[in-house]
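Asker: Just a sequence and a predicted model for now, questions to come.
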Amino acid sequence: MRHRPEELTTLAAKTRFSRKEIQMIYRGFKQEAPTGYVDEDAFKHIFSQFFPQGDASQYAHYVFNTIKQKQTSGKINFEEFLTILSNISRGTVEEKLQWVFGLYDLDGDGLISKEEMIDVVGSIYDMLGRYTTPHINEPHQAAREHVERIFHLIDANKDGFVTIDELVQWCSKDEHLMASFDTLDTVL
C-alpha cells in the first residue's frame, strides 16, 4: 500500500517550510521510502548517513519512537516526518523543549529518570563516535559521569525525576543553551 502525501499548499500551511523546501525534503524522503512510509530500520539507515563516524542506531531508535508515538503501525509517513522536522528545526522554544523532553522520557510516563537520561546521553556519545573532543573511550561511563554532574541541577525538587517544568526552568537559566535551540534550524 502506497501513502500519498497531502497537497503541497496544505503541508506548507501546517508547517514552517516553504513549498520549495517541502519539495526538496520530499524528494529525499521518497528516495529512501518509495512506499511513502519509513519503518525503524529505514530510519536508522537514513540517520546513520549523517553520523558515519559512530553508531547512531540506538539514538535513531529513540528519535524514531518520539516521532511514531501518535500511531501504532511502526511506520511514519511523510506528513509525520515533516511535522516533527518543522517543530524541531523551526518551532518555538517550547515546542523544541517538548520534543527534547519526549526524547528523554523513554517510557512516556511524563518524568525523566536518571537512568533514562544516561541511556539517551550514552546513545549520543555512541553516535558521535571518535569525533568527540576529548576522545571518549568508554561512552557509557562518560555518559553516566556527565548525567551525574547535571541531573541534580535540573531536578529542582530533588525527587529523583525531571519534569517538563524543571527542564524548562533549567534551560531558561542558561542563555547559551537557549541560543543553541536556534541552531536547530536547518538551512535547506
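Answerer: Ah, there it is.
Asker: Just give me the residue right at the centre of this protein.
Answerer: residue 63 (4.6 Å; C-alpha atoms, centre = their mean).
Asker: which regions of the chain sit below the pLDDT cut-off?
Answerer: Within the chain, the stretches with pLDDT under 70 are 1-5, 69-72, 130-132, 184-188.
Asker: From the contact counts, what lies against the strand or helix carrying residue 79?
Answerer: Counting by DSSP states H and E, the secondary-structure element that holds residue 79 is helix 78-90. Helices and strands touching helix 78-90, as assessed by 3 or more C-beta pairs under 8 Å, 6 or more residues apart in numbering; DSSP states H and E, comprise helix 8-14, helix 19-32, helix 57-67, helix 93-104. Using the backbone N, CA and C atoms, a C-beta is placed for each residue, glycine as well.
Asker: can you list contacts of whatever helix or strand comes next after the longest one?
Answerer: Proceeding C-terminally, helix 19-32 gives way to strand 37-39 as the next helix or strand, assigned by DSSP H and E. Counting contacts by C-beta atoms under 8 Å, 6 or more residues apart in numbering, the residues outside strand 37-39 that touch it are 3, 29, 32, 46, 73, 74, 75, 76, 77, 81.
Asker: so which of these comes closest to residue 127?
Answerer: Distance ranking of the contacts of strand 37-39 against residue 127, using C-beta to C-beta, places residue 46 first at 13.4 Å.
Asker: Return the residues in contact with the closest one.
Answerer: Contacts for residue 46 were tallied using C-beta under 8 Å, 6+ apart; they are 32, 38.
Asker: Which helix or strand contains it?
Answerer: With elements taken from DSSP H and E, the one containing residue 46 is helix 40-50.
Asker: Off-centre distance for that helix?
Answerer: 13 Å (C-alpha atoms, centre = their mean, to the nearest Å).
Asker: Tabulate the CA atom coordinates of it in PDB.
Answerer: Included here for helix 40-50 are C-alpha records, laid out as PDB according to Å, rounded to 0.1, in the frame of the first residue of the first chain:
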ATOM      1  CA  GLU A  40      12.500   2.000  12.100                       C
ATOM      2  CA  ASP A  41      15.200   0.100  10.200                       C
ATOM      3  CA  ALA A  42      15.000   2.500   7.200                       C
ATOM      4  CA  PHE A  43      15.000   5.400   9.600                       C
ATOM      5  CA  LYS A  44      18.200   4.100  11.300                       C
ATOM      6  CA  HIS A  45      19.800   3.700   7.800                       C
ATOM      7  CA  ILE A  46      18.900   7.300   6.900                       C
ATOM      8  CA  PHE A  47      20.100   8.600  10.300                       C
ATOM      9  CA  SER A  48      23.400   6.700  10.100                       C
ATOM     10  CA  GLN A  49      24.300   8.500   6.900                       C
ATOM     11  CA  PHE A  50      24.500  11.800   8.900                       C
END
